[in-house]
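K.L.:
curious how this folds, go ahead:
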Amino acid sequence: MKDYLVTALAADKQLRAFAITSKNLIEQVRKIHNYSPIAIAALGRTMSAGLMMGDMLKSKKDLLTIIINGDGPLKQIVVTSDIDGHVKGYASNPNVILPPKENGHLDVGGGIGHGTLTVIKDYGLKEPYVSTINLVTSEIAEDLTYYFSQSEQTPTAIGLGVLLNKEDVSIKAAGGFIVQLLPNTSEEVIQRLEQNLKRFTSVTNVLKDNKTPEDLLRIVLRDFDIQFTSTKEVCFNCSCSFETGKNALKTLPIDELKALIDNNESQEVQCDFCGKKYHYSIDDLKSILKEKAL
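P.N.:
The predicted structure follows:
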């Protein structure tokens with residue numbers, strides 16, 4: 001099954017919903033840096049959420065970034081997405097290993113620890129929209145639910161999951177859903193949705209049996225009329241280039257650049273997202289130094 005995202009309206013347009021299956025792209029990302037199970041679980045949940053939130057953007061020029069900073073061993077997770085279903089992301093410590101929780105599940109919350117979640121929406125204006133909240137559980141879905149409540153004043157239910165094969169730690173299932181109350185949602189609709197969510201098991205319980213995002217929403221929105229409004233393929237997409245690596249080197253102090261040139265030390269820059277490496281010769285460094293000095 002291809003990775004894709006669906007959107008829907010339900011309960012006579014009192015609810016809007018998103019659901020995604022992202023198994024393939026998260027497996028692609030897992031292989032790039034050989035992520036440990038807990039690292040790819042945390043990053044994969046954030047990437048699924050990022051893609052659904054990216055679908056809420058207004059134009060093709062807009063970018064959404066989620067940054068999670070914690071005091072746990074995972075340290076930082078960064079995910080960027082757009083309205084076209086493109087996503088990239090990385091965890092700054094890909095090799096974290098922690099014992100499972102008492103229920104046998106991966107301890108994502110322990111890997112992240114206490115910290116903050118920041119959402120940046122870049123609409124191409126002078127200043128992007130930036131909102132930061134304190135992490136609630138560090139399990140990501142609950143933290144994003146809290147973000148929507150506090151920063152966007154939108155009552156929201158979110159489910160995210162990444163399931164790994166025990167044999168080779170490849171991704172068996174991954175995805176999630178977001179359901180939001182639209183203005184003037186009736187109390188009856190809210191209560192019925194709450195009952196559905198209480199009965200719901202988990203995202204990966206549904207998706208592991210080759211169920212679709214549509215199936216996922218039919219379970220979460222059980223007994224509601226559902227109108228599916230769009231379907232979109234999603235994928236991992238990194239926009240790094242020789243120029244972006246050059247811009248990174250431009251952030252080095254002038255004295256440091258001069259020392260590299262004097263010592264005949266060419267440089268290699270590796271993209272955090274896709275792992276691609278770019279080589280910069282002494283002549284390249286001289287050019288960067290010249291541009292920086294202007």
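K.L.:
okay, CA-based contacts and neighbour counts for the rest of this
P.N.:
OK.
K.L.:
after the helix of greatest length in the chain, next one along is what?
P.N.:
Taking DSSP state H as the criterion, the chain has its longest helix at helix 37-54. Once the chain leaves helix 37-54, the next helix or strand it forms, by DSSP states H and E, is strand 63-70.
K.L.:
would you mark the buried spots in that following strand?
P.N.:
Buried residues in strand 63-70, counting neighbours by 16 or more other C-alpha atoms under 10 Å, are found at Leu63, Leu64, Thr65, Ile66, Ile67, Ile68, Asn69, Gly70.
K.L.:
what segments of the stretch 51-200 of the chain are strands?
P.N.:
For the stretch 51-200 of the chain, the strands defined by DSSP state E, counting those that start in this stretch occupy 63-70, 76-81, 86-91, 115-122, 129-134, 156-164, 171-181.
K.L.:
packing partners of the last one?
P.N.:
If I follow you right, that is strand 171-181. strand 15-21, helix 23-33, helix 37-54, strand 156-164, helix 203-207 (3 or more C-alpha pairs under 8 Å, 6 or more residues apart in numbering; DSSP states H and E).
K.L.:
what does the model give the nearest residue to Val79 once chain neighbours are set aside for pLDDT?
P.N.:
In space, and not counting its chain neighbours, Val79 is closest to Gly89: 4.1 Å by C-alpha to C-alpha, 6 or more residues apart in numbering. Note for Gly89: predicted pLDDT of 97.
K.L.:
try Asn165
P.N.:
Looking at Asn165, the pLDDT reads 94.
K.L.:
next: Asp209.
P.N.:
Value for Asp209, per-residue pLDDT: 88.
K.L.:
for Lys172, see how far away it is.
P.N.:
Counting by C-alpha to C-alpha, to the nearest Å, the gap from Asp209 to Lys172 is 10 Å.
K.L.:
tell me which of the two has more neighbours.
P.N.:
Lys172 (18 against 10; other C-alpha atoms under 10 Å).
K.L.:
any idea how far Gly109 is from Val96?
P.N.:
12 Å.
K.L.:
an error on my part: the question was meant for Ala42.
P.N.:
Distance from Ala42 to Val96, by C-alpha to C-alpha: 11 Å.
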